[in-house]
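In: Fold the following, please.
(2 chains)
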Amino acid sequence: MTISSKSTARRATLIGACLSLAALAGPALAHHSFAMFDTVHTGTLTGTVKELDWRNPHTFLWVMADPKPGQPSVLLSFETSNPGNLTRAGWTRHTFNPGDKVQVKYAPLRDGSPGGQLVKTTSVATGKSYDLTPLPQPGAAPLPAK
Amino acid sequence: MNRHRQWLLGLLVAASLAGPVAAFAADEPSAVINPPPTAKDWADMAKLPDWSGMWLPDVGDQIKQMTSNPTPWTDKAAAYIQHQMDDMKAGKPDNFFNDCLPEGMPSWMLISHNAMEVAFTPGRVYLFGESDSNRLRRIYTDGRPHPDDPDPTFHGHSIGHWEGDTLVIDTIGVVPQAWLAIGESVGIPNNGDMHIVERMKLAKPDELIDTLTITAPHVLTKPWTTTRHFTRERRRDFDMVEGICLEGEFNPAVDKDGNSIFVPQKFTTDGLRMPIKTP
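Out: Next up is the predicted model:
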């Protein structure tokens, strides 16, 4: 697992949680606030996409993180917005497919569960990044036609 | 002709004199309340302002209003809200929309992060929302009054009329459980007797503004006037997407007969979500 985080303690907690059986799971919540994620102490990792769970009310990207020497692979769930807002940010349900190598920047779950909120996801093969682009602001001109 | 029919006939005559407004006999179940629109009714639609396209809310607006236009909570409600704010700052938000019930009124108009579409038909304005099981508000603009005793609903009973280019909407009959939310984890049930008056209009060619005056006597000390801004986008990638909240509680699967079905989402004993294809 390749994880770099601004918080060593956070990283230790995250790795510890990753090694447990709970590493196969993500948060159970449906339509919820994102205050459970620590957007200050973001981390990054590289890994392989297991699945893009493209659904409402929140979409999940499951990533098998690259293992560190001597450590098992760990599956993490990264949560993001919903198909409506993701479509507006350039995503489709085929943007990431099983087997794709990705680099993920994320805001970890505050409770140390394995995963977090997607901040930016980059395809290693193409170098293309996806995030949630800011929505248009009132008073601003509509976005230009593509 | 019995007295009741005479009364109804009189109402119909009065309505026909008043113009293309349907006759309403609020206490007459068999009265025609949805007459077929005439060609003029449809032509009149073209005289209304153009609210077509997708409307994206300014999601930061309510956060700014927490300081610039604070909600006049009662002391009891304020204590409740403060507790939620503290929990949110501690990373333990009060996820009261986690049950996937509709956000309802007025929360949809105040805090949704998702797109809205507006449609006019003779006698109706429809507001379609994208998330929590595709919101729908049906606003009667055919001149009917509120029912005397409406069945409480998440979005309430709404009647509207045009004042120039401003749509004025009056809403009652919202379930007392509907949240008066100023954030996804900050709010309180309205607790009944809520009345909402909205004025929706184009502030600029591509900016729609909804000014809401919310009267909720069980949680507010006085009516609270607040606003929501929406920006219009017409591009394909801004088009409406279905948003069924409960989808998150189920996974696609195939049953023993080969039929595609949904099965309940798997969770660990710790209550954590499992991936669809458990490795």
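In: low pLDDT regions in chain A?
Out: The model of chain A has pLDDT under 70 over residues A:1-32, A:133-146.
In: Can you list the residue ranges for strands in it?
Out: Under the criterion DSSP state E, chain A carries strands at the ranges A:2-5, A:43-53, A:59-65, A:74-80, A:101-108, A:115-123, A:129-130.
In: Redo those as CSV? Include distance to chain B.
Out: In short, each C-beta sits where N, CA and C put it, glycine included. Output for those, formatted as CSV (distance: least, CB to the nearest CB, whole Å):
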stretch, distance to chain B
strand A:2-5, 16
strand A:43-53, 6
strand A:59-65, 5
strand A:74-80, 7
strand A:101-108, 11
strand A:115-123, 9
strand A:129-130, 13
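In: Now residue B:250, what are its backbone angles?
Out: The phi/psi pair for residue B:250 (degrees, to the nearest 10) reads phi -130, psi 160.
In: distance of it from residue A:45?
Out: Distance, residue B:250 to residue A:45, using CB to CB, to the nearest Å: 29 Å.
In: again with residue A:51
Out: Shown here: residue A:51 relative to residue A:45, a distance of 17 Å by CB to CB.
In: cool, residue A:94 as well?
Out: Using CB to CB, one obtains 22 Å as the distance from residue A:94 to residue A:45.
In: who has more neighbours, those two?
Out: Neighbours were counted for residue A:94 and for residue A:45 using other CB atoms under 10 Å in any protein chain shown; residue A:45 has more, 22 against 8.
In: That one against residue A:65, yeah?
Out: Yes: at 5.0 Å, residue A:45 counts as touching residue A:65 under the criterion of CB atoms under 8 Å.
In: check contacts around residue A:55.
Out: Contact analysis of residue A:55 by CB atoms under 8 Å, 6 or more residues apart in numbering or on different chains lists A:82-83, B:247-248.
In: ok, now how distant is it from residue A:38?
Out: Here the criterion is CB to CB. By it, residue A:55 lies 24 Å from residue A:38.
In: one step back: biggest separation within the contacts of residue A:55, which pair?
Out: Greatest spacing in these, by CB to CB: A:83 and B:248 (11.5 Å).
In: Common neighbours of the two, please.
Out: Listed as contacting both residue A:83 and residue B:248 by CB under 8 Å, 6+ apart are A:55-56.
In: Strands of the stretch 101-250 of chain B, residue ranges please.
Out: Counting by DSSP state E, counting those that start in this stretch, one finds strands in the stretch 101-250 of chain B at the ranges B:116-121, B:124-129, B:136-140, B:157-163, B:166-172, B:179-183, B:186-189, B:195-204, B:207-215, B:224-233, B:250-254.
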